[in-house]
Every structure is written in structure tokens, then in C-alpha cells.
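Take this sequence and fold it.
(6 chains)
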Amino acid sequence: MRYAILLLGGPYSAQAAHSALRFARAVLARGHRLEGVFFYHDGVQNAARLMAPPQDEPHLVDGWVGLNAEQGVPLMVCIAAALRRGLMDEREATRHGKQGHSVEAPFELTGLGQLVDLGLGCDRLVTFGP
Amino acid sequence: MRYAILLLGGPYSAQAAHSALRFARAVLARGHRLEGVFFYHDGVQNAARLMAPPQDEPHLVDGWVGLNAEQGVPLMVCIAAALRRGLMDEREATRHGKQGHSVEAPFELTGLGQLVDLGLGCDRLVTFGP
Amino acid sequence: MLLHILNRSPLSSLVYRQAIATMGTEDRLLLIEDGVQGALPTLVRHFEALEGRLFALREDLVARGLAGKCDASVQVVDVDGFVELTEEAERTVSWY
Amino acid sequence: MLLHILNRSPLSSLVYRQAIATMGTEDRLLLIEDGVQGALPTLVRHFEALEGRLFALREDLVARGLAGKCDASVQVVDVDGFVELTEEAERTVSWY
Amino acid sequence: MTDVPPYHGDLLVILRHGPHGSSLLREGLDAALVAAAFGRDVSLLFMGEGISALVRDQQVGPLGQKGTAATLQMLEMYDIDRLLVDGEGLAGLGLAPRDLMLPVEVLDSSAMAVQPKVHRLVLTF
Amino acid sequence: MTDVPPYHGDLLVILRHGPHGSSLLREGLDAALVAAAFGRDVSLLFMGEGISALVRDQQVGPLGQKGTAATLQMLEMYDIDRLLVDGEGLAGLGLAPRDLMLPVEVLDSSAMAVQPKVHRLVLTF
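Numbering: from 1, shown residues only, chains lettered A, B, ... in the order given. As a prediction, the model looks like this:
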């Protein structure tokens, strides 16, 4: 089956990101496809490139990046939710006249239309709330 | 009286930051001193320097920076809570071998000891929860 | 006398019970943010033990269109009154 | 048949009532994260309408030291079983 | 009870949070508007605190926060006209349909239990 | 009732959240440990879901998340020995003090209502 995940919880503040990552691995292990992870609400904070948790704890950005590298899972971040929370890639930083950036590939800033397409285009969308 | 604020809510996700900023202004308007605002839990996200809300909405970073500029209120961000959520200043970025930074002055990364000193050293600490 | 501050509605969160459980007989409770919903006549019964010691923040009521809908037992204060309540209390305790 | 997913404890959040209100007579409910507390014998009564359709995630029980404390009426599944439940359901609805 | 009823729509957005207190109400509405703009058939279900989003006379927040009243006024323009309200929740707030800013369909408990089943996708906010 | 009782300590940290589900429990414990390390007299009050932090046999999370059990074991080393538990909440979880990993003082409702009054600062997590 074709799965998708909607993640609404911020990293470390809520268990949602850990739960979603674990679920993603289990979905793939059962032979399903994971069409994408959409980050919305506090979930957008999972794309913060400067995340530096203590070394004896799971590194969530590394977890997401690994999912993308090994399985090609798209990591889609709601641009409107991201910008107001301080998350932008180089292109948005340029557009806003700011130096530096807080989001980088493989995370991609995108619109809510992608969430709708993802949710209605796949067989199962599973939401992990904050 | 000497006041302090503990802010636990993230920007835009929760009303906490708006409430805290409004309360801070009212405290000062009544002639009190505001010894500091301590950002902890999701509250640390208020220090995200790339925050870019729509122009017709309140800009929280500007609000905090204004409080500091006009009244000298220290803006203290819990370093442990910040690092795991992707918030670091240039010094921490260098220490972690990363390019760029997501927090800048007047926000200062500091330890929880500052929260304890602030809370026990002032007359009133008011917490704004997520 | 302490000031307890509650920002959740009794419609969805049970934290109001924890606030009440730790309140002394003179302590006050201020409803702010989503907590102001507790000032509605159908929900204020959850706070009946606090007769005369229940407050709600005017600005948060107004923003939600609830300013004219509060129960008569609730004392409505603006943010200046919020600061005044913290002045009068020995300390504050927040519930969320 | 739909799978509803709940991540809050009935000890602090009333969202479980909203989940139950929208469940059809064949729908299932899976407790995850802090929601697994609802599988304890003293709290499972909140879910009595779901007899035989209540599940709890093993990994989240284990992490909390609650693995051996669940009520007998709750079916415990691991994360592989979680995926299986989503396969069997037409769609999922999350409550938080 | 085992028959699957005909679909009422593509997307059901369940709104459980009030205005101002969190961004979830607005984010749920934004998802609904975008889906509608893309030609999807969208229903909104207001439950619990979410019902308070429909109360009349809402204002901007004290720092000028916009709230959601203006967004709700745009629903009709986006052809979102299936606004469902949990009747029990409405009574719990002491409100009647005339207290709300938009015309709604009030659901009893049996109608509530059908909604997630008759939409292809359910998003909860 | 109007007499202020003598202070029991500098800081009361109220813990209302369980392990793993959110970071609040850990963040509350961290604040308590730092205060104790700075020589402050700290009490912990476990309420509601927070009581479940004391359940025996907790494990790391499925991704290796540490949880809070190891932190709780360090409390004694930091001279934090006033561990208060809401008796009603304990019963609500179907637990007794022997189910908990550390010795605690179980409070009845009148003792609960005194705690915020007898500490100079109260932090709620």
C-alpha cells in the first residue's frame, strides 16, 4: 500500500516525531511504500538544520534524512507554518532579505496543496499529533 | 516590585508568547521592574532569528527585542532546551562545527541556574504555559 | 494568598482540578487564554468551590466574542488588573 | 472499519470522549504514547463502550513500565501490529 | 451498520480548538481552504472548544492577532458549505445555532459517529 | 487559615506530565536538579500523569530515548528527598507506594492545598 504521514508535533517537546519515525520504519519493513512525510504545525521544527541533541539521544533530523536517503521518502514542510516559526531555506531567506537559513535539503518547503494531494492520493494517511 | 517571566510556549503555536508580551508591557506600565524573561521548553523558539510571520500579524521576535531595547529586559534562553530544538548562537555553532546560527543578541543562551536565580531573586515570577 | 492562573478550558482539559486541589481557602484563580471559556454559565460550575475568588481576563474574553456571555459570579479584569492580582498575591502558580 | 488513534491519557484530557463520539460500531481505537495509560484497570472504564475494539501499543507501555499492568480487555500490539491495524482499516483518525 | 454509506465528500476537517489559544484552528481551516481551492469537496466538523470558533463578535487579539473569524467568512466563497456542529458540544457551551456567525447543521450522536466513515480523508486539528 | 505556615523549602516543582510523552517532566526535573545543585531546598510534587514517572521498570523509548528513570535515581545524590505524591492521583492510577521506585510522602487533600503556600517559588511542569 501507499502510506503517508502527517506530523504535527515538535522535536523533543512531544513524542510525536519519535512515534512517526518508528511508524515510518515499520511501514517500510512491511513492504509498503511511504509517499511522503508532511510537517505541519509544530512538526515543522523537525526540519531545523542546527538541531544538536545530546549525543546519547536520538537525533531526529538525522532520522528523517536517513529515511530520505535510504528510501527516497520526500520530506515536505509547510512553508506558511515554517516561516512564522523561524524556519526558512536559502531561497526564502533571500526573498526576505535575511542572511543564513535554518532549513536545507532534503527537507523541502512546500504548500498545503501537497498535503491534500498526499492525503487523497495515497491509501493511508496517519497523523501524529502534538 | 521586581518581576520575572517564564515562557514555555512556542511562537504562534500557542498564545503564551502573546500573553507574556502583553503582561510584560502591563507590568512595566504599572512602574514595576522586569528583571528578565526566561525562555524554556517550546518557549525557546521565540528566539528564532529568521522568524517571518505575515506582515499583518504581530512579529514576536521584534516584540521581545523591543522590550530589551526600550527597557533593558534580559532575554534568557535555556541552552539545553534550545540546542536540541535547533536554536544556537554563533559560539555554539562553532563549538558544534556548524555553519550559521539561529539565535542572536539580545537573546542570550544561558543555563537553568539563571532561572532559579531569577525566580528566587525577584518578587514575582509569572509562568506562561504552552 | 496566592494567585493561580489557568489557560485551559474545562471542556477539554482536566488540569483545572489539579489547580483547585492545590488552592488554599483564600487563593484566587484567574482564567486566561482558552481558560476563559470556564467563565461561561454552563462551565462555571466546575469552579463553584471558588465562589468570589474566580477571575477572567477581559482581553481574552473579548477576542473570543465571550465578553457579554460570562456568568455573573466571575470577576472580569483587564491586563492591568491581572498585574494588580499578581501584586496582591504572595506568588503565582500557573496551570496549563 | 476505521482505526482511531489516541495519544492522551483520560487522566488529564477529555479528547477521548470526542474520539468515542465519532466512532462507528465496528471502529477500533489504538492507544499510543501517553494514551496507553488508558489501558490501566482504573482508567479502562472510560473505554467500556469499545469492548473488544480497544488496543494499546506495546512499545509505549514498556517504556513507561506499564506492560504488565494493562487491563485484560485491552489487546496489546507492537508497532508492526500498529501498521497491520492501519492496513485493515479503511482510514485512520488521530486524536491528540 | 456494515454497509458503507455513500461518500459525502473528499475531506473531513475536524476542528477541536478555539480561536487565539492555539494555531491549530487556523491551520485546520487553511488546510480546508486549500483543499477546496483545489476543487476538493470539503466538510468541516466543529467539536468541543472548536465550536467556539463560530461565536459572533470575535475580535483581534490584544497584540493584533487576526484570529479566525475573517477566515470563516471566506468559507462560502470557497464553496465550503457543509458546516457540521456536534449538538452535545453546542449545548455544553450553552449556545444555540442563532449564536453562531454562520448557518450550521447540528448533529446528534448517531450522525456524529457516521462522519469519519463518509469522507475519503479525515484530518483532525 | 490566614497564618502563613513556616516555609518547607525554597522551590516546589510540580510535575504533572509522564515520561516519554512530552519533555516537560524532564525539563521540570532538570530545573529541580539545578536548583538543588545551587544549594536550594527543593520539593517535588507529583500529580496526575506525573505520578506515573515513579512507576518501576521503565525503559528507554523505541528510538533509544532516555526517559526520566535515571534522573529520578539521582535525586538522592542532589539531596532532594521531599518527594510528595497526590494520594487521590495515586489511587486514580490504581497504584500504591510499593509500586513506586522511590520512597514518597502521600498527601491527602488538605496537605495538597498547603504545598504552594509553604515554598518561596512554585514551578509547574
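
roughly how far apart are the closest residue to chain B within chain E and residue C:80?
In chain E, the residue that lies nearest chain B is residue E:63 (4.2 Å; C-beta to the nearest C-beta). To be clear about C-beta, it is placed using only N, CA and C from the backbone, and glycine gets the same treatment. Per C-beta to C-beta, to the nearest Å, residue E:63 is found 16 Å from residue C:80.

Now the terminal residues of stretch E:43-53, how far apart.
Start to finish, the residues bounding stretch E:43-53 are 15 Å apart (C-alpha to C-alpha, to the nearest Å).

go on, stretch A:49-69?
Termini of stretch A:49-69 sit 16 Å apart (C-alpha to C-alpha).

hmm, that stretch in reach of chain D?
No - Stretch A:49-69 lies apart from chain D when judged by C-beta under 8 Å from any C-beta of the partner chain; the minimum separation is 12.8 Å.

so for that stretch, what's the average pLDDT?
Averaging pLDDT along stretch A:49-69 yields 96.

which of residue E:63 and residue C:80 has more neighbours?
Between residue E:63 and residue C:80, counted using other C-beta atoms under 10 Å in any protein chain shown, the more crowded position is residue E:63 (18 against 13).

Can you give me every residue that contacts that one?
Residues counted as contacts of residue E:63 (C-beta atoms under 8 Å, 6 or more residues apart in numbering or on different chains) are B:18, B:21-22, B:58, B:63.

Need the three-state assignment for the residue of chain E closest to chain B.
coil (DSSP: H, G, I helix; E, B strand; the rest coil).

what does residue E:52 give?
Residue E:52 - assigned by three-state DSSP - is helix.

Could I get the contacting residues of the closest residue to it other than its chain neighbours?
Spatially, and ignoring its direct neighbours in sequence, residue E:52 is nearest to residue E:18 (4.4 Å; C-beta to C-beta, 6 or more residues apart in numbering or on different chains). Residue E:18 sits next to C:9, C:34, C:37, C:64, E:25, E:49-50, E:52-53 when contact means C-beta under 8 Å, 6+ apart.

Would you reformat the residues you listed as TSV and include pLDDT?
TSV is the format used below for the contacts of residue E:18 (pLDDT from 0 to 100):
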residue	pLDDT
C:9	98
C:34	98
C:37	98
C:64	97
E:25	98
E:49	98
E:50	98
E:52	97
E:53	97
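
need the residues you listed in JSON lines with distance to residue C:3, can you?
Formatted as JSON lines, the contacts of residue E:18 follow (distance: C-beta to C-beta, whole Å):
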{"residue": "C:9", "distance to residue C:3": "19"}
{"residue": "C:34", "distance to residue C:3": "18"}
{"residue": "C:37", "distance to residue C:3": "19"}
{"residue": "C:64", "distance to residue C:3": "22"}
{"residue": "E:25", "distance to residue C:3": "28"}
{"residue": "E:49", "distance to residue C:3": "24"}
{"residue": "E:50", "distance to residue C:3": "29"}
{"residue": "E:52", "distance to residue C:3": "25"}
{"residue": "E:53", "distance to residue C:3": "29"}
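
Around chain E, pick out the residues from chain A.
So chain A meets chain E at A:6, A:40-41, A:80-81, A:111-113, A:115-117, A:119-120, A:125, A:127, A:129 (C-beta under 8 Å from any C-beta).

which of the residues you listed count as buried?
A:6, A:40-41, A:80-81, A:112, A:115-117, A:119-120, A:125, A:127, A:129 (16 or more other C-beta atoms under 10 Å in any protein chain shown).

Any residues of chain C in contact with chain F? List them.
Counting by C-beta under 8 Å from any C-beta, chain C sits next to chain F at C:2, C:4, C:14-15, C:18, C:21-27, C:90-96.

Going through the residues you listed, which ones are buried?
C:2, C:4, C:14-15, C:18, C:21-24, C:27, C:91-96.

quick one: which two of those are the most distant?
With C-beta to C-beta as the measure, no two of these lie farther apart than C:14 and C:91, at 23.8 Å.

Helices of chain C, residue ranges please.
C:15-21, C:58-63, C:79-88 (DSSP state H).

what's the shortest one packed up against?
If I follow you right, that is helix C:58-63. When contacts are defined as 3 or more C-beta pairs under 8 Å, 6 or more residues apart in numbering or on different chains; DSSP states H and E, helix C:58-63 sits against strand C:75-77, helix C:79-88.
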